[in-house]
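**Student:** My questions are about this predicted structure, shown below with the sequence.
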Amino acid sequence: MEKLQAFTGKVVALPINDIDTDQIIPARYLKVTDKAGLGEACFSDWRYNADGSPKPEFVLNKPEHAGSQVLVGGHNFGCGSSREHAPWALMGAGFKAVISTYFADIFQNNSLKNGLLPIVVDDETHKQLISLAEEDPNIEIHVDLASQQITLPDGRKVTFPVDAFSKYCLLQGVDQMGFLLNLDPDIVKYETEYTQRVNTLEPVEL
Amino acid sequence: MAKTLFEKVWNQHLVKPQMADTPAVLYIDLHLIHEVTSPQAFTVLRERGLKVRRPDRTLATMDHSTPTTPRNAQGIIPVLDAQASFQLDFLTRNCKEFGVPLYSLGTENQGIVHVIGPEQGLTQPGMTIVCGDSHTSTHGAFGALAFGIGTSEVGHVLATQCLLQNVPQTMAIRVDGALHEGVTAKDIILAIIAKIGVGGGTGYVLEYMGSAIRNLGMEGRMTICNMSIEGGARAGMIAPDETTFNYIAGRPFAPKGKALDKALAGWRALPSDDGARFDAEVVLNADDLVPMITYGTNPGMGMKITDNVPNPANFADVSAKMAMDKALTYMGLQPGQQLIGQPINVVFVGSCTNSRIGDLREAAKLIKGQKVADSVRMMVVPGSQKVKAQAEAEGLDVIFREAGAEWREAGCSMCIAMNGDQLQPGEYAVSTSNRNFEGRQGKGGRTFLASPLTAVASAVNGVVTDPRLMVERMKV
């Protein structure tokens, strides 16, 4: 995985509460066996008409918002299913960070494992970011994971929380699978001591 | 110190506890997989030259992208969608290469992943169970810690049988009292979600308790735990008791003889200790509950079926008002209107929430001798091939067919609309499933979530109907 660098990016607001993963990527796009093409399907039902033409009034279709890297959603962003296709689709659509007042647990976990930064801010900052983005489509913020801060256009810095382990992995470009594989001796020890019987290969003889 | 059910199961599975700079390493007893959220994980294993660490603790099935249309003359369920067909074949190849047992489409044990685990006796108290599916919370009904994971984590568990997790908080949800006739487990959970909201359980593991929960059978308990995620909680649990043990005993993968005695001793020690602390508590009274229905575009937008749809103008919070406006516009409903009497096009009885034999028995009992309204398409989709076979042995399929309903093959079907079963734009459905998100049951489709009883009563009348009148009439 690539190291997550600090960046300055354009902000677009989609201030709708409880945006669920079925909106981020509808289920009919989940018949893939890889991650390709999900960016085009991101927010598909909100972005396109039945005939496939883009809805000009939808914020992400407006030319002035092209190239946005930071998405500000409403409260409880990413609720619903566990599909990791949601962060894959957002990243495919060019986003590097999503800002909300809180995120659904599974979406947040999935995002952190892919380098899409879920940034939790207080209500006031959230409201400020939404009005800034709605007033000026060229507004940019600076996002720095190392200092856990975003810098708003007026220079105000806002700190955001992130767990130490995810932060380390994202900054170093370390993937979590490697960390777990290194724990093999601990896992063997646990398996030896704890032997709750599960065997999907052989049903118990009646 | 007094411990909760969650804490006991969590502690028993710690390969390493949580530290200041690393999450806990949690051992997983049972890993269920399906075709939609596993392909990219197997690809990672292949790229890195890794094996599946414990194929004996892993089980695959096909459910999400599978059609529920009838079998052909050769007894095969044809998959006409090329992309779905490729995805299903990919799962077959992956399971073969990595030695993972697979219940493939149409075989006798295949079905919705959260129906087959309990059905086979694989789901047991005190276990950790994960699956790349948010409704894995279902298995918590047995006193297991069970939750949905993403595809990266599916890869982690395939390769190491472990997950990295931070300790969640706990929430007690107490439901005391007795349910009235016509009110079901589905109504309890819809009422809970309406109360806490779609994000109210975020960061928590729920434990459902109280006499109303205790009096439910295992299927009702599964319906409740299933929808924990719809309140934002990754997991919901219910302490195991004699109802749980009786359900498990005799199932194919359940312990037998001395092994069962040993297991029972462990299981009986799992319930939360007296005085165990929860971080939050919610209380409901079952005596006050009536049939519930959702009117909006998330499962938190639910109400008593006799209530009127809320008026966004009455909301003080701007973002909540906007959300309600947007939901009612999508649903084509007027502020303050009644839902009873609202015409519907489709009734869907199925999904990991309400597709077990008990759900089908209740639905069949209510619809027997009645007819589905001409204006309504009713689909009954059993949760597994085993449920289907059992229902057919009891003649339930005949009752549904004679009423004018479709009797389908097992699968997720219209709950997820990625398998050919879907609403048309603008159509209204009363569904026993778990999500009413925009487009969830088909682009432009509009979903009212409710119990199987409400679904049947509405199918017969062609409009949203309070099932209590029909239940009452049936008794006479």
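**Tutor:** The structure has been received and is ready for your questions.
**Student:** Okay, now the unreliable bits of chain A?
**Tutor:** A:197, A:204-206 (pLDDT under 70).
**Student:** can you map out the strands along it?
**Tutor:** A:7-14, A:70-73, A:97-100, A:117-120, A:140-144, A:149-151, A:157-159 (DSSP state E).
**Student:** so what secondary structure elements neighbour the fourth one?
**Tutor:** What that stands for is strand A:117-120. Where contact means 3 or more C-beta pairs under 8 Å, 6 or more residues apart in numbering or on different chains; DSSP states H and E, strand A:117-120 is packed against strand A:97-100, helix A:105-112. (C-beta placed from N, C-alpha, C; glycine too.)
**Student:** CSV for the ones you listed, including distance to chain B and mean neighbour count?
**Tutor:** Shown next, in CSV, are the helices and strands packed on strand A:117-120 (distance: least, C-beta to the nearest C-beta, whole Å; neighbours: other C-beta atoms under 10 Å in any protein chain shown):
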stretch, distance to chain B, mean neighbour count
strand A:97-100, 10, 25
helix A:105-112, 4, 26
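**Student:** can you redo the ones you listed as JSON lines with distance to B:I112?
**Tutor:** JSON lines is the format used below for those (distance: least, C-beta to C-beta, whole Å):
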{"stretch": "strand A:97-100", "distance to B:I112": "31"}
{"stretch": "helix A:105-112", "distance to B:I112": "19"}
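**Student:** Which positions within stretch B:205-224 qualify as buried?
**Tutor:** Residues of stretch B:205-224 classed as buried: B:205-210, B:212-213, B:216, B:218-224 (neighbour count, 16 or more other C-beta atoms under 10 Å in any protein chain shown).
**Student:** now stretch B:172-189
**Tutor:** Applying 16+ other C-beta under 10 Å to stretch B:172-189 flags B:172-175, B:179, B:182-189 as buried.
**Student:** May I have whichever strand or helix holds B:R174 as PDB, with CA atoms only?
**Tutor:** Per DSSP states H and E: B:R174 is located in strand B:169-176. Extracted as PDB, the C-alpha positions of strand B:169-176 are listed here (Å, rounded to 0.1, in the frame of the first residue of the first chain):
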ATOM      1  CA  GLN B 169     -18.800  -0.100  24.000                       C
ATOM      2  CA  THR B 170     -21.800  -2.100  25.300                       C
ATOM      3  CA  MET B 171     -25.500  -1.100  25.300                       C
ATOM      4  CA  ALA B 172     -28.200  -3.000  27.200                       C
ATOM      5  CA  ILE B 173     -31.600  -3.100  25.500                       C
ATOM      6  CA  ARG B 174     -34.200  -4.300  27.900                       C
ATOM      7  CA  VAL B 175     -37.700  -5.300  26.600                       C
ATOM      8  CA  ASP B 176     -40.000  -6.500  29.400                       C
END
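**Student:** pretty sure B:G177 is touching B:R214, no?
**Tutor:** No. In this structure B:G177 lies outside contact range of B:R214 using C-beta atoms under 8 Å: 11.2 Å.
**Student:** about what we covered before: and the strand holding B:R174, average pLDDT?
**Tutor:** Mean pLDDT, strand B:169-176: 98.
**Student:** right, and the helix or strand after that strand?
**Tutor:** Next helix or strand after strand B:169-176 toward the C-terminus (DSSP H and E): helix B:185-196.
**Student:** other SSEs contacting the helix or strand following that next one?
**Tutor:** Downstream of helix B:185-196, the next assigned helix or strand under DSSP H and E is strand B:204-209. If you count contacts as 3+ C-beta pairs under 8 Å, 6+ apart, strand B:204-209 packs onto helix B:5-12, strand B:169-176, helix B:218-226, strand B:235-238.
**Student:** biggest helix in the chain by residues?
**Tutor:** The chain I'm using is chain A. Determined from DSSP state H, the single longest helix within chain A is helix A:123-135.
**Student:** Chain B, not that one
**Tutor:** helix B:82-98.
**Student:** still on that earlier bit, turn the strands of chain A into CSV, including distance to B:N246.
**Tutor:** Putting those into CSV (distance: least, C-beta to C-beta, whole Å) gives the following:
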stretch, distance to B:N246
strand A:7-14, 49
strand A:70-73, 46
strand A:97-100, 45
strand A:117-120, 43
strand A:140-144, 55
strand A:149-151, 55
strand A:157-159, 53
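**Student:** wait, what's in contact with residue 141?
**Tutor:** All of this refers to chain A. Contact analysis of A:I141 by C-beta atoms under 8 Å, 6 or more residues apart in numbering or on different chains lists A:T8, A:G9, A:V11, A:V70, A:L129, A:I150, A:T151, A:L152, A:P153.
**Student:** try again with chain B
**Tutor:** B:P118, B:M218, B:R221, B:M222, B:I224, B:C225, B:N226, B:M237, B:I238, B:T244.
**Student:** can you do 6 Å?
**Tutor:** Counting by C-beta atoms under 6 Å, 6 or more residues apart in numbering or on different chains, B:A141 makes contact with B:R221, B:M222, B:C225, B:I238.
**Student:** Report the two of the residues you listed separated the most.
**Tutor:** The distance between the two most remote of the contacts of B:A141 (C-beta to C-beta) is 9.2 Å, for B:M222 and B:I238.
**Student:** Any stretches of chain B with poor pLDDT?
**Tutor:** B:476.
**Student:** The same query, at a cut-off of 90, please.
**Tutor:** Applying pLDDT under 90 to chain B flags the ranges B:1, B:316-320, B:469-476.
**Student:** count of residues packed around the closest residue to A:H142 other than its chain neighbours?
**Tutor:** Counting by C-beta to C-beta, 6 or more residues apart in numbering or on different chains, A:H142 lies nearest to A:T151, which is 4.0 Å off, once chain neighbours are set aside. Other residues within reach of A:T151, judged by other C-beta atoms under 10 Å in any protein chain shown, total 17.
**Student:** Tell me the bridge partners for A:T151.
**Tutor:** A:H142, A:K157 (DSSP bridges).
**Student:** thought it was touching A:E140?
**Tutor:** No. Using C-beta atoms under 6 Å as the test, A:T151 is too far from A:E140 to be in contact (9.5 Å).
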